[in-house]
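In: Build me a structure from this.
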Amino acid sequence: MKGIIFGLYNNFRCIAGKCNYTCCSGWRIVVADEDFKRYGSIQDKVLREYILSNIYESDGIKYFSTKSDGRCSMLDEDGLCRIQKNAGEEMLCNTCRKFPRLAAKHNGLLWISMAASCPVTSAYIVNKQIEFYKLGNKGDISVIKTQDIPFIANEMQKSKGILGKYIAGRKTAQDYIHMYNWFMDIADDILGIIIKYKEIVYLQGSFDYFEEEKDVMQIVSQFEEFDSFVKEKYNNAFINYLEYRMFSRYLGLPDEKSSERLCQVYGELVLVYIIALSRYFTIPGGRDSIDLERIINWVYRLCVHSLGPREEIHKIFCSSIN
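Out: Okay, the predicted model is just below:
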């Protein structure tokens, strides 16, 4: 076997102008050394100087600077990339050229996935039954079961067990009270990070549910209602996200300890659940206003793309879940 491929990869199509998001916001875009040299050779002096003046270096890594709203400095008011518009797609940095595709080699295998910060990927996770494929030595492709994926098969099964216990399992009134207090602590910690890092754009209604105190009966009643709703409509989406992130997290950090990876992925899943619950009860329209695709997109950007916040968030997940 030559590799493992996330199911969406072969059928991915960018929705371009129909996309309500932008790849150019909510994260720091890396500029590789070869990209930087290429920008320095652009003949158009005005374009060259603008690009170079908006690249900064931190800890030995170059990035495009961001505007006050978190968007890349290369994104013009018309929503188009100034580099691509004036110098062609081939001039884009490697990060932008390959987005949302993710690929890495480890132990002789090629791992290919997609970033959930792309709405096509988040829509696939929410609305489809995700699949994984194995790439054979002769270039043949066939479906592979998650329990047969090398190196992370045991983690996949363990994570499914956690999901079944805490998301899909039956709960008592005391369980819901514990969840409420736990969720409120996580919400406070994440809000602190959002306030600290100005480039993070707050997703409406993410933690508003926890702003007002509630009595025990109200908490239990509302958590029971939302729990039933999730099991009915989104249980498959949560399983999909868990499997997808165990796979893509391994792709990015193959040497990470199993326990660390499990904390991170489960923490992201809990954060998705918290935001969905909050939007369910605080945004007009209730269940129709949740928009799980958008929540997953936002959580992925926060936990994966934002370099400073993601380390702090990882510590929050590990301390609260352990």
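In: State the pLDDT value of the nearest residue to E89 once chain neighbours are set aside.
Out: Leaving out its chain neighbours, the residue that sits closest to E89 by C-beta to C-beta, 6 or more residues apart in numbering is R97, at 7.2 Å. (Glycine included, C-beta is placed from N, CA and C.) R97 carries a pLDDT score of 77 in this model.
In: Surely R97 is within a helix?
Out: Yes. R97 forms part of a helix when assessed by DSSP: H, G, I helix; E, B strand; the rest coil.
In: how close does it sit to Y56?
Out: 21 Å (C-beta to C-beta, to the nearest Å).
In: do K160 as well
Out: On the measure of C-beta to C-beta, K160 and Y56 end up 42 Å apart.
In: Look at those two and report which has more neighbours.
Out: Of the pair K160 and Y56, K160 is the one with more neighbours under other C-beta atoms under 10 Å, namely 17 against 14.
In: now the strands for the stretch 1-150 of the chain?
Out: For the stretch 1-150 of the chain, the strands defined by DSSP state E, counting those that start in this stretch cover 3-6, 30-31, 55-58, 61-64, 101-106, 109-114, 132-135, 141-144.
In: In JSON lines, list these along with distance to V120 and mean pLDDT.
Out: Shown next, in JSON lines, are these (distance: least, C-beta to C-beta, whole Å; pLDDT from 0 to 100):
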{"stretch": "strand 3-6", "distance to V120": "12", "mean pLDDT": "92"}
{"stretch": "strand 30-31", "distance to V120": "22", "mean pLDDT": "87"}
{"stretch": "strand 55-58", "distance to V120": "28", "mean pLDDT": "90"}
{"stretch": "strand 61-64", "distance to V120": "23", "mean pLDDT": "88"}
{"stretch": "strand 101-106", "distance to V120": "11", "mean pLDDT": "88"}
{"stretch": "strand 109-114", "distance to V120": "8", "mean pLDDT": "91"}
{"stretch": "strand 132-135", "distance to V120": "17", "mean pLDDT": "92"}
{"stretch": "strand 141-144", "distance to V120": "20", "mean pLDDT": "91"}
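In: need those strands in a markdown table with distance to E243, can you?
Out: Shown next, in a markdown table, are those (distance: least, C-beta to C-beta, whole Å):
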| stretch | distance to E243 |
| --- | --- |
| strand 3-6 | 10 |
| strand 30-31 | 27 |
| strand 55-58 | 33 |
| strand 61-64 | 30 |
| strand 101-106 | 15 |
| strand 109-114 | 11 |
| strand 132-135 | 8 |
| strand 141-144 | 12 |
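In: Quick one: closest of those to E256.
Out: Closest approach to E256 among those (C-beta to C-beta): strand 101-106, 11.5 Å.
In: mind listing what's buried in that closest one?
Out: Neighbour counts using 16 or more other C-beta atoms under 10 Å place L102 of strand 101-106 among the buried residues.
In: just stretch 120-137 next, same as before
Out: 120-126, 130, 132-135.
In: One more: stretch 45-62?
Out: Buried-residue list, stretch 45-62, by 16+ other C-beta under 10 Å: 47, 50-51, 54-55, 62.
In: So what touches that stretch?
Out: The contact list for stretch 45-62 (C-beta atoms under 8 Å, 6 or more residues apart in numbering) reads 30-33, 36, 39-40, 42, 63-65, 73-74, 82-83, 86-87.
In: Let's see that with 6 Å instead.
Out: For stretch 45-62, the external contacting residues (C-beta atoms under 6 Å, 6 or more residues apart in numbering) are 31, 36, 39, 42, 64-65, 73, 86.
In: Quick one: these as CSV, columns for neighbour count and distance to I296 too.
Out: Supplementary listing: the contacts of stretch 45-62 in CSV, determined by neighbours: other C-beta atoms under 10 Å; distance: C-beta to C-beta, whole Å:
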residue, neighbour count, distance to I296
V31, 24, 27
F36, 15, 32
Y39, 21, 33
I42, 18, 37
F64, 22, 25
S65, 13, 27
S73, 19, 27
N86, 16, 33
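In: Okay, helices next: where are they in the protein?
Out: 33-40, 45-53, 82-87, 94-98, 119-127, 153-163, 173-196, 216-233, 235-252, 258-282, 292-300, 307-321 (DSSP state H).
In: Give me the neighbour count for D189.
Out: Neighbourhood size, D189 [other C-beta under 10 Å]: 16.
In: which non-adjacent residue is nearest it?
Out: Nearest non-adjacent residue to D189, counting by C-beta to C-beta, 6+ apart: I316, 4.8 Å away.
In: same check, this time on S320
Out: Using C-beta to C-beta, 6+ apart, the nearest residue to S320 is I186, at 5.9 Å.
In: where does the one you found land on pLDDT?
Out: pLDDT, I186: 95.
In: Near it, how many other residues are there?
Out: Using other C-beta under 10 Å, I186 is surrounded by 20 other residues.
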